[in-house]
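this one's structure only:
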């Protein structure tokens, strides 16, 4: 299993919604409007890339799938209030 960030710039509302719903079904959680993160096996990341490829228009859209090792994930620093946090804005350090 590896952490994966998925960030996208999808121009069409319908394609963007389909991509977001699919990412949620795959168990990823939204961390910003156009960014998701989750912990998946590499084989599922390949499946995810194929599924996203079927949704997007490669002439207009772009999607980045960025695998991140656990050591790097533990060093993520978040400034402000992320979508997954509750409470006041602050400085968040992820630790899993």
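Arrived safely. Source: prediction; values computed, not measured.

check contacts around the most centrally placed residue in the chain.
Closest residue to the average C-alpha location of the chain: residue 36 at 2.0 Å, with Cα atoms, centre = their mean. Contacts for residue 36 (Cβ atoms under 8 Å, 6 or more residues apart in numbering) come out as 5, 6, 7, 20, 23, 24, 28, 29, 30. Every residue, glycine included, has its C-beta placed from N, CA and C.

Make sure the first one is indeed in a strand.
Which is residue 5. Yes - judged by DSSP: H, G, I helix; E, B strand; the rest coil, residue 5 forms part of a strand.

what's the weakest-modelled helix or strand in the chain?
Every helix and strand of the chain was ranked by mean pLDDT, DSSP states H and E. The lowest is strand 90-93, at a mean of 50.

Redo the contacts of residue 36 as JSON lines? Include distance to residue 54.
Shown next, in JSON lines, are these (distance: Cβ to Cβ, whole Å):
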{"residue": "5", "distance to residue 54": "20"}
{"residue": "6", "distance to residue 54": "15"}
{"residue": "7", "distance to residue 54": "18"}
{"residue": "20", "distance to residue 54": "15"}
{"residue": "23", "distance to residue 54": "14"}
{"residue": "24", "distance to residue 54": "17"}
{"residue": "28", "distance to residue 54": "17"}
{"residue": "29", "distance to residue 54": "22"}
{"residue": "30", "distance to residue 54": "21"}
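
No further questions, thank you.
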